[in-house]
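A.B. asks: Dropping a prediction and its sequence here:
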Amino acid sequence: MSVRRNLTFYATALVGTALGTAAGLLLAPKSGEATRKQIRRMAGELSEQLPVTLSELQLRGRQALDRAPRRLTLGRRKGEKVIQLYRENERES
């Protein structure tokens, strides 16, 4: 659950940053038409830079969340093995 909470935090922060940026542009001391042109241009540039669509990004995020518990379990088991080997090594020394 902690991984999901962290991802939610980062997603919320990203959306908040985007909204804050948009609000800053809208409240800037430019004319509305110039600001709208700038927003359209920036949105077009951003969409060209994104390697995936938003729905594909959401799917990848869900898949990562689905794999997270298994990966954490495997990592914990590896850590336990390392600790066990260390303790066995200490006993032999």
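C.D. replies: Received, thanks.
A.B. asks: Run the chain-centre distance for stretch 6-15.
C.D. replies: Relative to its chain's centre, stretch 6-15 lies at 7 Å (CA atoms, centre = their mean, to the nearest Å).
A.B. asks: the longest helix in this structure is where?
C.D. replies: For the chain, the longest helix by residue count, based on DSSP state H, is helix 54-92.
A.B. asks: so what secondary structure elements neighbour that helix?
C.D. replies: Contacts defined by 3 or more CB pairs under 8 Å, 6 or more residues apart in numbering; DSSP states H and E place helix 54-92 against helix 2-26. (Glycine included, C-beta is placed from N, CA and C.)
A.B. asks: now the angle from the following helix or strand past the helix it packs on to helix 54-92?
C.D. replies: Moving toward the C-terminus from helix 2-26, the next helix or strand (DSSP states H and E) is helix 32-49. Angle, helix 32-49 to helix 54-92, by axes from the mean of the first three to the mean of the last three CA atoms, to 10 degrees: 50 degrees.
A.B. asks: Helix 32-49 packs against which elements?
C.D. replies: helix 2-26.
A.B. asks: what does the helix it packs on contact?
C.D. replies: Thr35, Gln38, Ile39, Gly61, Leu65, Ala68, Leu72 (CB atoms under 8 Å, 6 or more residues apart in numbering).
A.B. asks: For the buried ones among those, write the corresponding PyMOL selection.
C.D. replies: In PyMOL, a selection of the buried entries from those looks like this (16 or more other CB atoms under 10 Å):
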select buried, resi 35
